[in-house]
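>>> need a structure here:
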Amino acid sequence: MKVTHELEPFYSNDSKILILGSIPSIKSRELGFYYMHPSNRFWQVLEKVFNEKIVDKKAFLMKHQIALWDVIKECDIKSSSDSTIKNVIVNDINELLNKTKINKIFTTGSKADILYQKYLYPQTKIKNIALPSTSSANAKMKLEDLVEKYQVLK
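Numbering: from 1, shown residues only. Below is the predicted model:
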């Protein structure tokens, strides 16, 4: 099924960190924000990394100068499975970079990392730091392991 990215990047002009996923899941698109599938551990990981209960996701991101977006603008995908992604068109993140103070880019999951390296790094010249996926599909990573890997955000 062809999917077009429906979510705007979330950022403020003060954002210093950009976290890029591949493309929002079906549940995230339905709910209108990033990492919203109940089994995705993204928000749980950030709570533990920053030792802070997240009551308002957007306020939390603003406080920590974190921007969220995705590498993919459009692709063919089955369900929400990154392993099925084909025919990729990427987002142009240069405009976002020019509006912000972003100087660190993190990718979540191997597909986002691979696509960033192939399509976006040649434009941005900002080396990304690859982080493991917080999706439940990445069952081999325990919550504690994810929290350890994501400490680099601080």
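
>>> what about Ala130, how many neighbours?
15 (other C-beta atoms under 10 Å). Using the backbone N, CA and C atoms, a C-beta is placed for each residue, glycine as well.

>>> One more: Arg41?
Arg41, neighbours per other C-beta under 10 Å, totals 22.

>>> Could I get the pLDDT score of it?
Looking at Arg41, its pLDDT reads 97.

>>> That one contacts Ser136, correct?
Yes: Arg41 is within contact range of Ser136, at 7.4 Å (criterion: C-beta atoms under 8 Å).

>>> need the helices for this protein, in chain order.
Ranges of helices within the chain are 26-31, 42-50, 57-63, 94-99, 110-115, 121-124, 143-150, based on DSSP state H.

>>> what about stretch 60-79, start to end distance?
Stretch 60-79 has an end-to-end distance of 29 Å (C-alpha to C-alpha, to the nearest Å).

>>> May I see the buried residues of that stretch?
60-62, 64-72, 75, 77 (16 or more other C-beta atoms under 10 Å).

>>> Of these, which is the nearest to Ile26?
Proximity of the buried residues of stretch 60-79 to Ile26 (C-beta to C-beta) peaks at Ile77, which lies at 9.4 Å.

>>> That closest one contacts Thr84, correct?
Yes: taking contacts as C-beta under 8 Å, Ile77 lies within contact range of Thr84: 5.5 Å.
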